[in-house]
Structures are given as C-alpha cells and as structure tokens.
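Enquirer: Pasting the sequence and the predicted coordinates here, then a few questions.
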Amino acid sequence: MKTTSVLVTLCLYVLIEADRHEKIMCKPQSGFQLSRCDPTLSWNSDEYPITCLKTSAKDNFSNEEIRRLKRQMKSIQEEWEDMKSMLAEMRGERGTESDCARQGGLVRLEKCYTVPHLSSSYTTDYDEAAAECAKEGASLAEIHDRAQQDDLHKFALTKMPAGHAYVFVWVGMTYNPQSSMLLYKSGKEIRSSRLKWRPSNNPSTEQLHKNLSMMVNNHTSDFGLINQGKFPFLHGGICEKEI
C-alpha cells in the first residue's frame with residue numbers, strides 16, 4: 001500500500017511539474033508489480049517501477065474536438081473541389097492563345113475560332129453544329145465585317161476535307177428577310193450589305209430563311225453568306241470563344 005501511495009504521489013508530482021512544459025502519462029514499467037515493489041524508492045537507482053511517456057497529440061483532444069476538426073477538413077476539401085471545378089469551367093469558357101493553337105484554331109481580336117468537325121458530306125444541321133461548338137465551351141461564330149469574313153474564309157480553307165473544292169459551314173448570326181438586317185446575340189443589327197454574300201440570288205427573300213451559312217470555296221470569287229432554314233444538312237460550323 002505504501003509503495004502504491006509513493007508511486008501515485010510521484011506521478012502527481014511529475015504531472016504537476018510537466019504542466020509547465022508538456023503533458024506526460026505515467027504507467028507501471030513492464031516487468032514490475034506494484035504489490036511487490038520496495039516501499040522505499042532510491043532516487044539513485046537506475047530503474048524505477050514507473051515509466052513516464054509523452055502523450056500523443058490525439059490524447060490532447062477530446063473525441064468531440066477530433067470530430068469537429070474532421071468536419072472542418074471535409075468542408076475545406078469540398079470547397080477546394082468546388083473551386084477547382086469553377087476554375088476548370090472558367091478555363092473552358094475563355095481558354096488561352098496557346099490552348100487555341102493546340103486545337104488548331106485561329107486567334108483573332110481576343111477570340112479563338114475553330115472548326116471542330118468538317119465532314120466530307122452533308123451531315124450537319126444548324127442545331128448539331130451549335131452543339132459541336134458547345135462541347136468546346138464555344139458558340140457558332142458571328143461575323144461583323146468584311147475583314148473578319150475574309151480571315152475566317154481563309155482559315156476554313158485550311159480545314160477542308162481532302163479532294164473538296166468547297167464546303168458550306170454554319171455561322172451564328174441570323175438574317176431578317178424583311179429588313180435586310182443581320183441580327184447578333186448582343187441585339188446589335190447591321191446592314192447585310194457590309195458582308196459578302198454568295199452570288200446567285202443571295203440573300204433570299206424567303207421569310208423562313210433566317211439562319212446563315214457561309215460557302216467556303218477555293219475559287220474566291222464564288223464564296224460568301226447564304227441565308228436558309230435551320231434544317232439543311234451542311235458540312236459543319238465555325239465556332240468562336242473568348243480568350
């Protein structure tokens with residue numbers, strides 16, 4: 001009993017002193033039995049019937065604190081994943097000039113123009129061409145002036161299937177046959193005469209011919225815009241996205 005009392009007293013003393021530095025834990029040393037210890041402890045002895053060990057970091061926290069920290073870590077991880085998704089989405093919407101070059105695109109006035117799919121046959125209607133652009137975070141290209149039209153025509157020539165002298169590609173703005181105005185997604189309107197139309201009775205005055213395509217032709221005298229409905233099948237579309 002006396003030995004046990006001394007050991008308890010010693011542990012309490014060590015714990016009190018350790019509070020000034022770090023918390024420790026006392027337990028009987030392996031191989032010793034408290035009931036058979038010498039009641040008199042010699043401070044000069046090489047061995048004592050107790051061992052003092054550091055407590056682990058886990059022991060310094062309650063179970064509730066550990067659960068709270070785990071919840072916080074999970075919340076931080078979820079926020080990080082959301083941020084990565086947002087950055088990836090933003091990158092998909094805007095991209096960079098190097099991204100555009102890797103896609104074989106044309107960089108012009110802070111926009112990237114691509115032709116994601118140009119078929120050798122008539123397989124793509126207006127909605128399908130728009131969907132192809134959307135896969136790249138883009139939309140069908142809108143043409144605002146003759147200089148841009150000439151640049152896009154030259155670019156599309158480099159994408160033509162082998163053996164083809166010309167193709168027809170969808171573009172994004174629409175045409176009003178009544179007012180002869182071109183309408184853009186921004187709501188802006190311009191005179192259709194500012195752009196080059198394909199010769200042979202274009203633009204059409206048919207009221208349902210509001211969607212636009214462009215003929216791309218190796219013979220540069222025979223190329224330009226064509227207004228028609230949404231459902232004719234063409235070779236593909238020209239896409240644009242900001243960079």
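Expert: Done, it's in.

Enquirer: Can I take it that Gln149 is in a helix?
Expert: Yes. When the secondary structure is assigned by DSSP: H, G, I helix; E, B strand; the rest coil, Gln149 falls within a helix.

Enquirer: neighbours around it, how many?
Expert: Using other Cβ atoms under 10 Å, Gln149 is surrounded by 19 other residues. Heads up, the C-betas are built off the backbone N, CA and C, glycines and all.

Enquirer: Now it: closest residue in space, sequence neighbours ignored.
Expert: Nearest residue to Gln149 in three dimensions, chain neighbours excluded: Ile143, at 4.9 Å (Cβ to Cβ, 6 or more residues apart in numbering).

Enquirer: quick one: that neighbour from Asp82, how far?
Expert: Noted for Ile143: a distance of 37 Å to Asp82, by Cβ to Cβ, to the nearest Å.

Enquirer: again, but for Leu225
Expert: Applying Cβ to Cβ to Leu225 and Asp82 gives a distance of 43 Å.

Enquirer: ok so, going back, using the three-state scheme, assign the residue nearest to Gln149.
Expert: When classified by three-state DSSP, Ile143 comes out as coil.

Enquirer: what's it sitting at in phi/psi?
Expert: Listed backbone geometry of Ile143 is phi -110, psi 130, with angles given as degrees, to the nearest 10.

Enquirer: What's the local residue count around Pro177?
Expert: Under the criterion other Cβ under 10 Å, the count of neighbours that Pro177 has is 16.

Enquirer: Quick one: list the elements packing against the longest strand anywhere in the chain.
Expert: When every strand of the chain is counted residue by residue (DSSP state E), the longest turns out to be strand 166-176. Strand 166-176 sits against helix 126-134, strand 139-140, strand 181-183, strand 211-217, strand 224-228, strand 236-237, with contacts defined as 3 or more Cβ pairs under 8 Å, 6 or more residues apart in numbering; DSSP states H and E.

Enquirer: mind listing what's buried in it?
Expert: For strand 166-176, the buried set under the neighbour-count rule, 16 or more other Cβ atoms under 10 Å, comprises 167-175.

Enquirer: what sits against the residue nearest to Gln149?
Expert: With Cβ atoms under 8 Å, 6 or more residues apart in numbering as the criterion, the residues that contact Ile143 are 149, 152, 171, 173, 195, 214, 225.
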